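Student: Below is the structure, and that's it, no one-letter string:
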């Protein structure tokens with residue numbers, strides 16, 4: 001009788017142990033990609049040119065404030081088909097806003113949810129991407145992309 005009791009306990013423990021699954025960890029990088037922009041000199045098309053005292057906002061949210069940079073990675077709105085960014089630069093070093101130059105960058109796209117895995121969930125990729133600009137931006141390296149699926153390289157070069 002005692003043997004049967006231990007056998008039942010061992011059997012239940014074995015069933016419980018075998019029914020457990022290995023923990024699922026997201027080993028992939030399922031991140032929804034940011035839009036990567038590089039800033040170039042309009043007079044020398046291969047030379048990076050930092051934007052001085054750069055501020056960027058979208059929808060009332062400031063993404064960057066008063067920085068100097070030659071590249072940025074910015075998020076797109078995953079629940080809309082358009083994101084409009086306001087880009088402000090100032091070539092002079094002063095405390096007030098005199099000398100501010102404003103530009104807009106409008107990005108239109110079709111968001112698509114992409115299933116990665118059970119542990120990673122979904123990410124959003126952006127298809128049929130188009131760009132429109134105004135203001136101090138002289139030109140873009142491209143006005144449309146097939147898709148944005150990663151953020152390893154710059155998607156668009158901005159010449160100013």
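Tutor: Happy to help now that I have it. Predicted model only: the values in this text are computed from it and were never measured.
Student: Could you check how far residue 121 is from residue 149?
Tutor: 16 Å (CB to CB, to the nearest Å). All C-beta spots, glycine's among them, are computed from the backbone N, C-alpha and C.
Student: More neighbours: which of those two?
Tutor: More crowded of residue 121 and residue 149, by other CB atoms under 10 Å: residue 149, with 15 against 11.
Student: and residue 83, what element?
Tutor: For residue 83, the host element (DSSP states H and E) is strand 82-90.
Student: now swap in residue 45 and tell me
Tutor: When elements are defined using DSSP H and E, residue 45 is found to belong to no helix and no strand.
Student: who's in contact with it?
Tutor: Applying CB atoms under 8 Å, 6 or more residues apart in numbering, we find residue 45 in contact with residue 159.
Student: Quick check: the gap between it and residue 39.
Tutor: Taking CB to CB, one finds residue 45 at 12 Å from residue 39.
Student: Can you pull the residues that touch both of those two?
Tutor: Here residue 45 and residue 39 have residue 159 as joint contacts, going by CB under 8 Å, 6+ apart.
Student: in this structure, what spans have low per-residue confidence?
Tutor: Counting by pLDDT under 70, the chain has low-confidence residues at 1-24, 27-30, 93-97.
Student: leaving aside the residues next to it on the chain, what's closest to the residue nearest to the spatial centre of it?
Tutor: Note on the chain: the residue nearest the mean C-alpha position is residue 34, at 1.5 Å, using CA atoms, centre = their mean. The spatial neighbour of residue 34 that comes closest, neighbours along the chain excluded (CB to CB, 6 or more residues apart in numbering), is residue 73 at 3.9 Å.
Student: Ok, residue 101 next?
Tutor: Nearest non-adjacent residue to residue 101, counting by CB to CB, 6+ apart: residue 136, 4.5 Å away.
Student: Give me the neighbour count for that neighbour.
Tutor: Counted with other CB under 10 Å, the neighbours of residue 136 add up to 15.
Student: can you pull the contacts of it?
Tutor: By CB under 8 Å, 6+ apart, the contact list for residue 136 reads 87, 89, 101-103, 160.
Student: before we move on, what about residue 26?
Tutor: Contact partners of residue 26, counting by CB under 8 Å, 6+ apart, are 116-117, 119-121.
Student: What is the nearest of those residues to residue 79?
Tutor: Out of the contacts of residue 26, the one with the shortest distance to residue 79 is residue 121. That distance is 15.9 Å, counting by CB to CB.
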